[in-house]
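In: Task: produce atomic coordinates for the following.
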Amino acid sequence: MNTILIVDDEKNTREGLRLSLEEEFDIYIAADIKGAMDVLKNETVDVLVTDLRIGADDGMELIDKALELPSRPVCIMMTAYGSVDTAVAAMKRGAYHFVTKPLNIDELEILIKRAISTRSLQEENAQLKKQVEKEFTVSNILGKSPAMQPVFETIEQVAPSRATVLIDGENGTGKELVVKAIHNLSGRPKSKLVTVHCAALSPQLLESELFGHERGAFTGATEKRIGRFEQADGGTLFLDEIGEIDTSTQVKLLRVLGERTIERVGGNQSIKIDVRLLAATNRDIQALVATGEFREDLFYRLNVVRITLPPLRERTEDIALLANTFLKELAEENGKPVNELSSEVMRALIAHNWPGNVRELRTAIEHGVVMSNGSKITLRHLPAVLREGSSLPASARTDAGNMPGEQFDLSRAEQQLIGEALAHTRNNKTEAAKLLGISRRTLQRKLKGNAAC
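Out: Now for the predicted structure:
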């Protein structure tokens, strides 16, 4: 059901329009710009119907603010002060249409339906344009390492199905990218992908966020709210940090997965939904089941297909590819001319243990881009944690007090790093050079120098 926001400082007008339109649409009302913006920022609104004069506020200003939001409603202006000049001004500000009071409800309803059709076409065109500009498929999840191949294969196999997928892995490994890839390969790419961060909400707020609530369901529930399951109807719902939800919500989620219906908080009507559910966690769900913190039956419902993302330290072959991709993206984003990572930077990146995984790598490259004044990122541009450990290969990272002095020899560290790169690439010198961030000629020179030693 489409959602309409009615904004008017006259209570009789607001309530009259609500009563007239609520059989066809989900209705929100507001008496001023502040109340209207609270709704627009927290709910998906298809059509905004606002008075020109809202007490001391200006409806034109509300339209301006509404059209700056990421999800722009179609705007209809209504006023008792109708004139050609006002109508033209409203249309120039982005209003879809203009109606005068007293309102003809039948005509307004037809106008709203036309506005919704227009919005649907606009969204479809925007989505198509976005897909043309940047097609999001498994190939956009960067990685050539053996550790990532099973991940790619599973995504491609499971995406067209309706199966629930549980994605686990350490923080920063790219679980949201897997979700986007599954959604876009699912056959539902034109429908919504709705995300809920479960750990960010209290149990009561999470329940309302997921299932919605009826007006008066609890203190402060002054309006009916459409939950995320209903918003995602026909599309995909992603529950991030699923391991953090409380047992009461787990019971209700179990029922949804079994019956494909929901009930809003404070309501007694079962609402059928068609939602593909994806869930992610950085916790050991089976350990939570063992301690009684997570329901075993819900775990089995979620764990139809499982995708475990490897940490970056287990896919070092991908570091150069990721780093250079981030460099290009972040240099453009920050308007910087930097386009190269020095060989010492690449050595430091490969040697680092990456407890924050791909997210930490991206942050490190962004730090380097911001701190660089030229075309190349050097070691001094990296965060301190990378600079401090840059002279040691990963295999030499033990307690510094127990290290023999020769392990601090830069040439030995370089020899070992080159050897590791050649081993990773099965002695392919071109690929090894790319991995190290140097030219093939430089690699050849270093190999000859090492042989001479």
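In: Regarding the residue most central in space within the chain, what are the backbone dihedral angles?
Out: The residue lying closest to the centre of the chain (C-alpha atoms, centre = their mean) is residue 176, at 6.1 Å. Dihedral pair for residue 176: phi -70, psi -30, per degrees, to the nearest 10.
In: Same check on residue 238?
Out: phi -110, psi 120.
In: How confident was the prediction at residue 141?
Out: Listed pLDDT for residue 141 reads 85.
In: Now it: closest residue in space that isn't a chain neighbour?
Out: Sequence neighbours aside, residue 177 is the residue nearest to residue 141 in space, at 5.0 Å (criterion: C-beta to C-beta, 6 or more residues apart in numbering). For every residue, glycine as well, the C-beta is placed using N, CA and C.
In: I'd like to know which elements whichever strand or helix holds that neighbour is packed against.
Out: Residue 177 belongs to helix 175-184 when assigned by DSSP states H and E. Packing partners of helix 175-184 (3 or more C-beta pairs under 8 Å, 6 or more residues apart in numbering; DSSP states H and E): helix 149-158, strand 165-168, strand 193-197, strand 236-240, strand 276-281.
In: and the shortest one, C-alpha only, in CSV?
Out: The one in question is strand 165-168. Extracted in CSV, the C-alpha atoms of strand 165-168 (Å, rounded to 0.1, in the frame of the first residue of the first chain):
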residue,chain,number,x,y,z
VAL,A,165,21.2,-17.2,3.7
LEU,A,166,23.3,-16.7,6.8
ILE,A,167,26.5,-14.8,6.2
ASP,A,168,29.2,-14.8,8.9
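In: Now do that strand: everything it contacts.
Out: With C-beta atoms under 8 Å, 6 or more residues apart in numbering as the test, strand 165-168 has contacts from 158, 175, 178-179, 182, 242, 278-283, 285, 302-309.
In: let's go with 10 Å and repeat that
Out: For strand 165-168, contacts defined as C-beta atoms under 10 Å, 6 or more residues apart in numbering pick out 151, 154-155, 158-159, 173-179, 182, 236, 238-240, 242-243, 276-286, 299, 301-309.
In: Pull out the buried members of those residues.
Out: For the contacts of strand 165-168, a burial check counting by 16 or more other C-beta atoms under 10 Å picks out 151, 154-155, 158-159, 173-175, 177-179, 182, 236, 238-240, 242-243, 276-282, 285, 299, 301-302, 305, 307, 309.
In: where in the stretch 151-300 of the chain is pLDDT low?
Out: 188-190 (pLDDT under 70).
In: Now with 80, please.
Out: Scanning the stretch 151-300 of the chain for pLDDT under 80 picks out the ranges 187-191, 216-222.
In: gap between stretch 230-249 and the chain center?
Out: For stretch 230-249, the separation from the chain centroid amounts to 14 Å (computed by C-alpha atoms, centre = their mean, to the nearest Å).
In: And for stretch 284-302?
Out: With C-alpha atoms, centre = their mean, you get 25 Å for stretch 284-302.
In: The residue lying closest to residue 316 once chain neighbours are set aside: neighbouring residues, count only.
Out: In space, and not counting its chain neighbours, residue 316 is closest to residue 350: 5.8 Å by C-beta to C-beta, 6+ apart. By other C-beta atoms under 10 Å, 22 other residues sit near residue 350.
In: Residue 350 contacts residue 315, correct?
Out: No. Residue 350 is beyond contact range of residue 315, at 11.4 Å (criterion: C-beta atoms under 10 Å).
In: How about residue 28: which residues does it bridge to?
Out: residue 5 (DSSP bridges).
In: Touching, it and residue 21? I think so.
Out: No. Between residue 28 and residue 21 there is no contact under C-beta under 10 Å: 11.1 Å.
In: Looking at residue 364 now. What's its pLDDT?
Out: 95.
In: what's the strand or helix carrying it packed up against?
Out: For residue 364, the element it lies in under DSSP H and E is helix 357-371. On a contact count with 3 or more C-beta pairs under 10 Å, 6 or more residues apart in numbering; DSSP states H and E, helix 357-371 meets helix 319-334, helix 343-351, strand 376-377, helix 384-388.
In: mind redoing it with 6 Å?
Out: With contacts defined as 3 or more C-beta pairs under 6 Å, 6 or more residues apart in numbering; DSSP states H and E, the packing partners of helix 357-371 are helix 319-334.
In: Show me the contact partners of the helix it packs on.
Out: By C-beta atoms under 6 Å, 6 or more residues apart in numbering, the list of residues contacting helix 319-334 from outside reads 142, 338, 349, 350, 361, 362, 365, 366, 369, 435.
In: buried ones in it?
Out: 319, 320, 321, 322, 323, 324, 326, 327, 330, 331.
In: Please identify which of those is nearest to residue 38.
Out: residue 330 (34.3 Å; C-beta to C-beta).
In: Could you measure from that closest one over to residue 60?
Out: As judged by C-beta to C-beta, to the nearest Å, residue 330 and residue 60 stand 38 Å apart.
In: How about residue 372?
Out: Distance, residue 372 to residue 60, using C-beta to C-beta: 45 Å.
In: Neighbour count: those two, which is higher?
Out: residue 372 (22 against 19).
In: ok, now which ones touch the more buried one?
Out: Neighbours of residue 372 in contact, by C-beta under 6 Å, 6+ apart: 338, 381.
In: re the thing from before, looking at residue 28 and residue 21, which has the bigger crowd around it?
Out: Between residue 28 and residue 21, residue 28 has the larger neighbour count (other C-beta under 10 Å), namely 24 against 18.
In: Show me the domain layout of this structure.
Out: Annotated domains of the chain cover 3-131, 147-310, 314-452 [automatic domain parsing].
In: follow-up on the earlier one: so what touches the helix holding residue 364?
Out: 170, 172-174, 311-312, 322-323, 326-327, 330-331, 334, 336, 338, 354, 377, 381-383.
In: can you do 8 Å?
Out: Against helix 357-371 from outside (C-beta under 8 Å, 6+ apart): 170-174, 311-312, 319, 322-323, 326-327, 330-331, 334, 336, 338, 341, 345, 349, 354, 356, 377, 380-383, 386.
In: try stretch 194-211
Out: Contact with stretch 194-211 is made by 176, 179, 217-218, 221, 225, 227-229, 231-232, 235-242, 244-246, 248-249, 252-253, 262-265, as judged by C-beta under 8 Å, 6+ apart.
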